[in-house]
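Visitor: Quick one, what's the 3D model for this:
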Amino acid sequence: MTSQISKALASVAFRRMAVLVLLVVSVLSLHAQQSQPTMEQQLAALQRLEAMQPDSIQPKYQQAVLLLGTVCSQPQSSKAQQYIDEAQRVIQRIEALQPTKATDRSDLATLHGFYYTALIVTNPQQNGPRYYRQALDSFDEALKLNPKNALAQMLLERFKEGMVRN
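Guide: Okay, here's the model as predicted:
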C-alpha cells in the first residue's frame, strides 16, 4: 500500500515538474521571439561597428547585404528606395577604401550585382531591361575573382531563377 502511494506521489510530482519545465520553455521561447532585433537595430549595430573599424570592409559589406536583402524581400515597402540609396552610399564607402585583395573585390562586385538586383525587384518592367546585364556581369566578376564566394553563387542562382519566372 505504501508503495502504491509513493508511486502515485511520484507520478504527480513528475507531472508537476513536466508542466513547470514546459512553462519555463514557453516563457523563454516567447522572450526569444520578442527580443529579435529589428532591421533598423541590426543596421545601427553594424554602423557602430563600422565607426569602431572605419578601415574595415566587413561592417560596411554586412550593412549593404542587410539593406539590399531587406529590399529584395520587401520590394513594395515604403522604405525600399531609402534602403537602396543607403546601400549605394555604403558601397561607395567600400570603393573609397580601394580594396586590393581578390576576396574583397569579389565582395564588392557581389554588392554591385545585389544592388542592381534590388533595383530590378522594385520595378521589374522598367529596371529589368536596364540593369539585367549589369547584375549578371557583376556576379560573374565576383565569381571570377573568388570562385568560392558563396553569396555571389547564391545570388546569381536566385537572379537567374527570378528572370526565368518573369
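
Visitor: Show me the helices in this protein, by range?
Guide: Counting by DSSP state H, the segments of the chain that form helices are 2-34, 39-52, 58-73, 80-96, 102-122, 124-145, 150-165.

Visitor: could I get those helices as a markdown table with mean pLDDT and mean neighbour count?
Guide: Any C-beta I mention is one placed from the backbone N, CA and C, and that applies to glycine too. Output for those, formatted as a markdown table (pLDDT from 0 to 100; neighbours: other C-beta atoms under 10 Å):
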| stretch | mean pLDDT | mean neighbour count |
| --- | --- | --- |
| helix 2-34 | 50 | 9 |
| helix 39-52 | 94 | 14 |
| helix 58-73 | 97 | 21 |
| helix 80-96 | 98 | 17 |
| helix 102-122 | 97 | 23 |
| helix 124-145 | 97 | 17 |
| helix 150-165 | 91 | 15 |
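
Visitor: Need the per-residue pLDDT for Gln98.
Guide: Note for Gln98: predicted pLDDT of 96.

Visitor: Pull the number of nearby residues for it.
Guide: 8 (other C-beta atoms under 10 Å).

Visitor: Ramachandran coordinates for it?
Guide: phi 50, psi 70 (degrees, to the nearest 10).

Visitor: Could you do Ser77 as well?
Guide: Main-chain torsions, Ser77, degrees, to the nearest 10: phi -60, psi 150.
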